[in-house]
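Colleague: Kindly return the folded structure for what I paste below:
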Amino acid sequence: MTKLTVKQLCEGWLVRERGMVLEAHSTSSIILGGKLVVVVDTSDWTLRSKVIETLSELGIKGGDVDVVVNTHLHPDHVSNNDLFPNAIVIFHEAEGRRGVRDIGSAMELDEGVRIVHTPGHTRGSVSVLVEAEVRTAIAGDAIPTKDNYTKRLPPALNYDPDLAMRSMERMIEWADVIVPGHGPAFEVVH
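Modeller: Take a look at the predicted model:
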């Protein structure tokens, strides 16, 4: 098996006040070492320069990216898709637009890279599971922050909290490391 690595192009964050999300900027990750160069979520305009800077540090041009996986279609996760002009963009069709491919409940993207349907935050939310040195779940907003993991709380914005919790628990059970939708990667305690 190829040695895969997951790097964060930028770390996102949330600003909350009295339980309300006032500002949201998503984390963007890149999967390297496989047949495909894959970016998961592209963040938003606030973090655009950081995404470009990190790509440059890695020696990667936007045109080198083969696939962009959008965990869902909220603007804070997709606003920099245009940085990757040659990439196939993949998202779940339950997001209300036709996806490039029908992901269904799961889709093998590359050796050691699988997209799984993790609904709850949105109907079409997906996460990306990577068999790297450690099993890494790029969770998108299935697990928006480490706090959601620690407190076992579903995303504050969800259409079905029970379904969101089931999706979250699947990621926690599988992963050694989680890259949340908004924040730095963290280790899972089993």
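Colleague: What are the phi and psi values at the spatially most central residue of the chain?
Modeller: In the chain, the residue lying closest to the centroid (Cα atoms, centre = their mean) is residue 140, at 3.7 Å. For residue 140, the backbone dihedrals (degrees, to the nearest 10) come out as phi 60, psi -150.
Colleague: Now do the phi/psi pair for the closest residue to it other than its chain neighbours.
Modeller: Sequence neighbours aside, residue 71 is the residue nearest to residue 140 in space, at 2.6 Å (criterion: Cβ to Cβ, 6 or more residues apart in numbering). To be clear about C-beta, it is placed using only N, CA and C from the backbone, and glycine gets the same treatment. According to degrees, to the nearest 10, the main-chain angles of residue 71 amount to phi -60, psi -30.
Colleague: What are the buried residues along the helix ranked longest in the chain?
Modeller: Criterion DSSP state H: the longest helix present in the chain is helix 161-174. Using 16 or more other Cβ atoms under 10 Å as the test for burial, helix 161-174 gives 163, 164, 165, 167, 168, 170, 171, 172, 174.
Colleague: pretty sure residue 38 contacts residue 31?
Modeller: Yes. Using Cβ atoms under 8 Å, residue 38 is in contact with residue 31, at 4.2 Å.
Colleague: can you list residues touching both of those two?
Modeller: Contact with both residue 38 and residue 31 is made by residues 110, 113, 128, according to Cβ atoms under 8 Å, 6 or more residues apart in numbering.
Colleague: Now do the helices in the chain.
Modeller: Using DSSP H, helices in the chain cover 48-57, 75-78, 146-151, 161-174.
Colleague: buried set for the shortest one?
Modeller: Within helix 75-78, the residues scored as buried using 16+ other Cβ under 10 Å are 76, 77, 78.
Colleague: what's the closest of those to residue 182?
Modeller: Residue 182 lies nearest to residue 76 out of those, by Cβ to Cβ, at 8.3 Å.
Colleague: Look up how far residue 54 lies from that closest one.
Modeller: 17 Å (Cβ to Cβ, to the nearest Å).
Colleague: Farthest from the middle of the chain: give me that residue.
Modeller: Distance to the chain centre peaks in the chain at residue 18, reaching 25.9 Å (criterion: Cα atoms, centre = their mean).
Colleague: rewinding a little: point out the other helices and strands that the longest helix of the chain packs with.
Modeller: For helix 161-174, the packing partners by 3 or more Cβ pairs under 8 Å, 6 or more residues apart in numbering; DSSP states H and E come out as strand 126-131, strand 135-140, helix 146-151.
Colleague: Pick the most deeply packed of those.
Modeller: Mean neighbour count (mean count of other Cβ atoms under 10 Å) peaks for strand 135-140 among these, with a mean of 27.
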